[in-house]
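Undergrad: Sequence and predicted structure below; questions after.
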Amino acid sequence: MTKLSEDEVKTLRKIRSVLSDPQKWTKRAFARLPTGDPTSWDNNNACCWCLEGAILRSCRSGGINPIPVYEELHSFLPFRAIANFNDDDSTTHADVLNLLDRTIEKHAPAKTRISLTLSEKSKEKLDELSAARGLTRSQYLDSILKLITRASDGN
């Protein structure tokens, strides 16, 4: 297994963020102009990208070698090129995001266990907030930690 660097994983997250909006994803062109015309991935007027175009754009703008990123994404696509996967008639926007998510998750740091000591009053308040959202105390704390993680990653 190739281990992506922290910068390469951040680049995957950046790609995921850009392509999370279906309007910013396309097929059969590296990128498209607002008119819908195909253009190069590095055109400053581009408004949407295919997966490969987004990889090139994000890697090149961040000074990252795209090859390890391609290889890791490709590890989930046996016998298929990334461009062929993206452009296949059966590939959906959700499929592209799923591929990015699986690759990011593969390289996410192991979860750290956090131990908290709470007063009884704090436990009661936490249980009240959790119940109001239909969650257990643990689920509620997990959701808070996810928000903190996203904020610290810049997402």
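TA: Ah, there it is.
Undergrad: Every contact and neighbour count from this point should use C-alpha atoms.
TA: Noted.
Undergrad: who's in contact with Ser58?
TA: Thr11, Lys14, Ile15 (CA atoms under 8 Å, 6 or more residues apart in numbering).
Undergrad: For the second one, list the residues it contacts.
TA: Lys14 is in contact with Ser58, counting by CA under 8 Å, 6+ apart.
Undergrad: buried residues in the helix or strand of the chain with the lowest mean pLDDT?
TA: Every helix and strand in the chain was compared by mean pLDDT, DSSP states H and E; the lowest is helix 137-153, with a mean of 74. Neighbour counts using 16 or more other CA atoms under 10 Å place Arg137, Tyr140 of helix 137-153 among the buried residues.
Undergrad: Got the domain ranges for this protein?
TA: 6-106, 120-153 (automatic domain parsing).
Undergrad: in this structure, which residue is closest to the centre?
TA: Arg16 (3.4 Å; CA atoms, centre = their mean).
Undergrad: A helix includes that one, no?
TA: Yes - under DSSP: H, G, I helix; E, B strand; the rest coil, Arg16 falls within a helix.
Undergrad: quick one, which of the domains of the chain is packed in tightest?
TA: Most buried of those by mean neighbour count (mean count of other CA atoms under 10 Å) is domain 6-106; its value is a mean of 17.
Undergrad: can you map out the strands along this structure?
TA: Using DSSP state E, the strands of the chain run over residues 31-32, 38-39, 48-49.
Undergrad: Now the closest residue to Pro34 other than its chain neighbours. Its backbone dihedrals?
TA: Nearest residue to Pro34, sequence neighbours excluded (CA to CA, 6 or more residues apart in numbering): Cys47, at 5.9 Å. Per-residue torsions, Cys47: phi -120, psi -10 (degrees, to the nearest 10).
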